[in-house]
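Asks: no sequence for this one, just the structure:
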């Protein structure tokens, strides 16, 4: 290579570096550095967020377990059965067992009434019996403590011979329709 060619090559290299360095190489390098810094900041942000989520996991787990216990308690308090007649029979069985435990004999037990919506069925049972005040109070407490959620919706008490009371009572229990055969249950209101 001649001296002229060397000089031309040096001039071309200087022109190339004079243009490429400030307009291409430095901006590209600066962009790579900025991207690297942005990635590091994003990783730090994600790490902080994941640490906070990890700390909150225990709180969410406890909330989930509490909600699950409440759901189990509510589902356990529902009357079970695949038809409305089976649900009514279960409710009548619970009422008769509680009455037997408290020495109460039913005079009559009417045909249960059913009310339904899209997902719930209410069974209302009317019963009539005679008893004294202490047994009536014990029976009401037993209804409140029964495993199935039973609610006294009305109660009519009248005095009868001696210390006996005549009681007409309507009690409502609940069941989910998803557990029931919906072909058998017409929608009532």
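Replies: Cool, got the structure. Source: prediction; values computed, not measured.

Asks: helix or strand right after the helix or strand where residue 65 lies?
Replies: Counting by DSSP states H and E, the element that carries residue 65 is helix 26-76. On the C-terminal side of helix 26-76, the nearest following helix or strand under DSSP H and E is helix 84-101.

Asks: for the next helix or strand after that next one, packing partners?
Replies: Elements were assigned by DSSP H and E; along the chain past helix 84-101, the next helix or strand is strand 106-109. Other elements packing on strand 106-109 under the criterion 3 or more CB pairs under 8 Å, 6 or more residues apart in numbering; DSSP states H and E are helix 84-101, strand 120-131. Backbone N, C-alpha and C define where each C-beta goes, glycine included.

Asks: Figure out which of those is closest to residue 32.
Replies: Closest to residue 32 of the helices and strands packed on strand 106-109, according to CB to CB: strand 120-131, at 63.4 Å.

Asks: Enumerate the positions of that closest one that are buried.
Replies: For strand 120-131, burial by neighbour count (16 or more other CB atoms under 10 Å) applies to 121, 122, 123, 124, 125, 126, 127, 129, 130, 131.

Asks: re the thing from before, of all the helices and strands packed on strand 106-109, which lies closest to residue 6?
Replies: Ranking the helices and strands packed on strand 106-109 by their distance to residue 6 (criterion: CB to CB) puts strand 120-131 first, at 95.9 Å.

Asks: Sheet partners, orientation included, of the helix or strand where residue 169 lies?
Replies: Element membership for residue 169 (DSSP H and E) is strand 165-176. If you go by DSSP bridges, strand 165-176 pairs up with strand 120-131 (antiparallel), strand 150-159 (antiparallel).

Asks: and the angle for the shortest one with helix 84-101?
Replies: Okay, so that is strand 150-159. Angular relation of strand 150-159 and helix 84-101 on a 0 to 180 degree scale: 50 degrees, by axes from the mean of the first three to the mean of the last three CA atoms, to 10 degrees.

Asks: buried set for strand 150-159?
Replies: Judged by neighbour count (16+ other CB under 10 Å), strand 150-159 contains these buried residues: residue 150.

Asks: before we move on, the earlier item: orientation of the strand holding residue 169 relative to helix 26-76 in degrees?
Replies: Counting by the same axes, to 10 degrees, strand 165-176 points 150 degrees away from the direction of helix 26-76.
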